[in-house]
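Colleague: When you get a sec, could you give me coordinates for this:
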Amino acid sequence: MIKRTVAMFAIASLVLTTSCKENAALRIDEETAKEAEIAHADAGKIAVMKFDEVEHDFGTIDQGEVVSHTFTFKNEGTSDLVVSQAKASCGCTVPSYTKTPVKPGETGEVNVEFNSKGKKGNQNKTVTVSANTEEGSQVLKFKAVVTPKEGEVATKKAK
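Modeller: Predicted coordinates:
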């Protein structure tokens, strides 16, 4: 039994050492080593997007009115924060955002403009902000009650 175990170990060792034709450490060139060093140094650094608020209520607005609100965030991480996209849940909402990297400790903004044209009643909308954070995205929400123009009834609900 012991002889068999030793023989299996010897065969496994032989296969492992002969399958590598060269030492892996010797295959790494100087540039690759430098990139690995930088990646290792940055490995502990992350961006953290912390919003002052993630929900806003526009209250009651008149149909056709365009309203906007600015959501402010702070980078509480240790790496630059980059917002890559802000996507609205519908075409009636237009988001805009800070396009430059936000350094640790600094603030950025996501502005949301809502056009109530053709809307009636309760409206609940979202904007998904994508960034280089551990979570990857943050959902911002807003709502409004749209008063219809005279002669129309507020029966349509938000999608």
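Colleague: which residues in the protein form helices?
Modeller: For the chain, applying DSSP state H gives helices covering 2-19, 30-42.
Colleague: and the last one, average pLDDT?
Modeller: With pLDDT averaged residue by residue, helix 30-42 scores 56.
Colleague: I'd guessed Thr60 sits against Ala144; true?
Modeller: Yes. The pair Thr60 / Ala144 is scored as a contact, 7.4 Å apart, by C-beta atoms under 8 Å. From N, CA and C alone the C-beta is placed, and that goes for glycine too.
Colleague: If you count surrounding residues, which of these two has more?
Modeller: Higher neighbour count among Thr60 and Ala144: Ala144, with 22 against 10, using other C-beta atoms under 10 Å.
Colleague: residues contacting the more buried one?
Modeller: Contact analysis of Ala144 by C-beta atoms under 8 Å, 6 or more residues apart in numbering lists 57-61, 67, 114, 116, 122-123.
Colleague: Pull out the buried members of the residues you listed.
Modeller: 58, 61, 67, 114, 116, 123 (16 or more other C-beta atoms under 10 Å).
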